[in-house]
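K.L.:
return atomic coordinates for the entry below.
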Amino acid sequence: MFLNDYTAGKAGKNTGIYTNIPVLLLLAVLLAFTSCEESSFVGLEVQPPSDRFNVETTVDTEIYTSIWERDSILAIDHPRSLLGVLNDPLFGRMNTSFMTQVGVWDAVDFGDEPVFDSLVLYLVVTGSYGSGTEPQEITVWELKEDIDYTQAYHSNLDPYPMLYDQEPLARQMAGPPAGDTLISLHLTNPYIHDKLLFAPDTAIQSLSAFIGYFKGIYVETGLDDDASGSVYTVNLNHERSKLSLFYKNEHTPDTVDTSFRYDFIINDGASRINIISQDYEEAVFYDRMGLTGTDDSLYYVQGGGGLMTRLDFEDLGNWRDSMPVSINSARLYLPVKEGIYDDDFPLPPRLALFERDDDGLLRGIPDFALGDPYFRGVFDEEEGAYVMNITSWVQNYVKGARTNNYLYLTVREGGTNPQRAVFTNRLHSEGGPRLEIRYNRH
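P.N.:
Numbers count the residues shown, from 1 in each chain. Now for the predicted structure:
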């Protein structure tokens, strides 16, 4: 543009035009860059104040809550397993147990005439949840059915049809673990001693052959109804979690070490199922579960099979009548009831939000798929609340791409996290959930 204006102004003169072209081009480029960098500021200077998009903030506190029991969750091949019984004074009774495969890792040769010594199941416990200090009775059973990794097992699975109905392999009192602990369970049933020590060659020639021969174990616990109890986190992927067979050889001279050991492995390649059941009949909120319109000053979530809360955003539909509006951000704050959590009952590390699809299934909201740094879902100590970014979901609802104006709040990775949390509702004196929306109108 600048070169054309200059040329038009000098139409009658030819001298100096070509010699000044490089300088003019340079000036044009510099001005163009300057124009690009400052275009937004220039636009604001010339734009009438009434037409500018001013960002505004509003806070929605008309969020209603109701408590729902989640039927079950996928329970196969979690990185951690839960074991134990917890009688929670607020949430009732939780039972946790697990199944796992056990395998061979190299050639098995017990010698010509092996003699059984002992069989020990080692479980590495990395933590516990609950205030109970009582030992729990741990029982180990043998599986009679395969764990099929292609199937979608759920946490409410009934394990007993998959077990041999003979005597258990072990029954022993153990615990409670303190920090990183190794639980040792002695499998005293003679049946399993002979089955492992005298396994046919065809059963121990490969991992798949052995799993077909010995399909795995089921580990459960028992606890008196009046005991507090706790739930242990078991790391089956740890190298010390294994099934160890100790034996001797009939013809080994007494002058040498006569003790031998073979470790059957349990690692991340073993298929396993976490089984979790909850009895809420003694819970403080039992009579309000699954009912809307029974608003209370508190609401609850719990891991495991899962207690979840439905959050109804009653006023969100009003935004559709205010279009066109651009939602720049929508941040949800969920205050936690003080004095309900401590070292025995710590808060869940992360929470998640789900919506129901057209088939009635729970699906993570789009913001959840954007990753932890964006979605958050963690407890903010300064706010005293869990904080979550739900901008995409709010945008979709306001634009009419979503029908339901409610979401479900759950404990993230509930299959391995037994933690629970108690929140204050809008009826509580400490205040309830709020949705902070930043927007501008067109």
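
K.L.:
all helices for the stretch 1-150 of the chain, in order.
P.N.:
Taking DSSP state H, counting those that start in this stretch, the helices of the stretch 1-150 of the chain run over residues 2-9, 17-37, 39-46.

K.L.:
before we move on, what about the stretch 201-350 of the chain?
P.N.:
Taking DSSP H, counting those that start in this stretch as the criterion, the stretch 201-350 of the chain carries its helices at 207-213.

K.L.:
hey, where'd the strands end up in it?
P.N.:
Secondary structure of the stretch 201-350 of the chain (DSSP state E, counting those that start in this stretch): strands located at 217-222, 229-234, 242-249, 260-265, 272-279, 298-302, 307-313, 325-335.

K.L.:
could I get these as CSV with mean pLDDT, distance to residue 102 and mean neighbour count?
P.N.:
In this view, the C-beta of every residue, glycine as well, is placed from N, C-alpha and C. What follows is those, written out as CSV (pLDDT from 0 to 100; distance: least, C-beta to C-beta, whole Å; neighbours: other C-beta atoms under 10 Å):
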stretch, mean pLDDT, distance to residue 102, mean neighbour count
strand 217-222, 97, 6, 21
strand 229-234, 94, 14, 26
strand 242-249, 93, 5, 18
strand 260-265, 93, 5, 16
strand 272-279, 94, 10, 23
strand 298-302, 95, 31, 26
strand 307-313, 95, 33, 22
strand 325-335, 94, 42, 19
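
K.L.:
okay, these in CSV with distance to residue 433 next?
P.N.:
Shown next, in CSV, are the strands of the stretch 201-350 of the chain (distance: least, C-beta to C-beta, whole Å):
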stretch, distance to residue 433
strand 217-222, 36
strand 229-234, 28
strand 242-249, 46
strand 260-265, 47
strand 272-279, 24
strand 298-302, 9
strand 307-313, 7
strand 325-335, 5
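
K.L.:
pretty sure residue 374 sits in a helix.
P.N.:
Yes. Counting by DSSP: H, G, I helix; E, B strand; the rest coil, residue 374 is part of a helix.

K.L.:
mind listing what it touches?
P.N.:
Applying C-beta atoms under 8 Å, 6 or more residues apart in numbering, we find residue 374 in contact with 367, 389.

K.L.:
measure it to residue 351 for me?
P.N.:
According to C-beta to C-beta, to the nearest Å, residue 374 stands 15 Å off from residue 351.

K.L.:
swap in residue 61?
P.N.:
Applying C-beta to C-beta to residue 61 and residue 351 gives a distance of 19 Å.

K.L.:
which one of those two is surrounded by more residues?
P.N.:
Counted by other C-beta atoms under 10 Å, residue 61 and residue 351 do not tie: residue 351 has more neighbours, with 26 against 12.

K.L.:
who's the closest residue to residue 105 other than its chain neighbours bridged to?
P.N.:
Excluding the flanking residues, the one nearest residue 105 by C-beta to C-beta, 6 or more residues apart in numbering is residue 265, at 4.8 Å. Beta-bridge partners for residue 265, by DSSP bridges, are residue 103, residue 242.

K.L.:
residue 114 too?
P.N.:
When bridges are called by DSSP bridges, residue 114 pairs up with residue 249.

K.L.:
my read is that it contacts residue 259, right?
P.N.:
No. Using C-beta atoms under 8 Å, residue 114 is not in contact with residue 259, being 11.9 Å away.

K.L.:
identify the bridge partners of the closest residue to residue 279 other than its chain neighbours.
P.N.:
Excluding its sequence neighbours, the residue lying closest to residue 279 (C-beta to C-beta, 6+ apart) is residue 93, at 4.4 Å. Note on residue 93: beta-bridge partners by DSSP bridges are residue 87, residue 279.

K.L.:
please renumber so the chain begins at 486
P.N.:
Will do, 486 is the new start, and the previous item becomes residue 578.

K.L.:
low-confidence ranges, the stretch 536-685 of the chain, go.
P.N.:
536-538, 662-664 (pLDDT under 70).

K.L.:
report the contact partners of the residue lying closest to residue 603 once chain neighbours are set aside.
P.N.:
The shortest distance from residue 603 to any residue other than its chain neighbours is 4.7 Å, reached at residue 731 (C-beta to C-beta, 6+ apart). Residues in contact with residue 731, defined by C-beta under 8 Å, 6+ apart, are 602, 603, 604, 605, 744, 745, 746.

K.L.:
filter those down to the buried ones, ChimeraX style.
P.N.:
Per 16 or more other C-beta atoms under 10 Å, the buried members of the contacts of residue 731 correspond to this ChimeraX selection:
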select :604,745
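
K.L.:
domain ranges for the chain, per the record?
P.N.:
Split into domains by automatic domain parsing, the chain comes to 487-536, 541-555+770-926, 566-755.

K.L.:
number of nearby residues for the residue nearest to residue 712 when sequence neighbours are not counted?
P.N.:
For residue 712, ignoring the flanking residues on the chain, the nearest one in space by C-beta to C-beta, 6+ apart is residue 619 at 4.7 Å. If you count neighbours by other C-beta under 10 Å, residue 619 ends up with 15.

K.L.:
kindly report the same for residue 854.
P.N.:
Residue 854, neighbours per other C-beta under 10 Å, totals 11.

K.L.:
and residue 832, by the same measure?
P.N.:
18.

K.L.:
what's the distance between the residue lying closest to it once chain neighbours are set aside and residue 923?
P.N.:
Using C-beta to C-beta, 6+ apart and skipping the chain neighbours, the partner closest in space to residue 832 is residue 826 (4.9 Å). Noted for residue 826: a distance of 31 Å to residue 923, by C-beta to C-beta.

K.L.:
what's the answer for residue 863, then?
P.N.:
21 Å.

K.L.:
what do you get for residue 757?
P.N.:
With C-beta to C-beta as the criterion, residue 757 and residue 923 are 45 Å apart.
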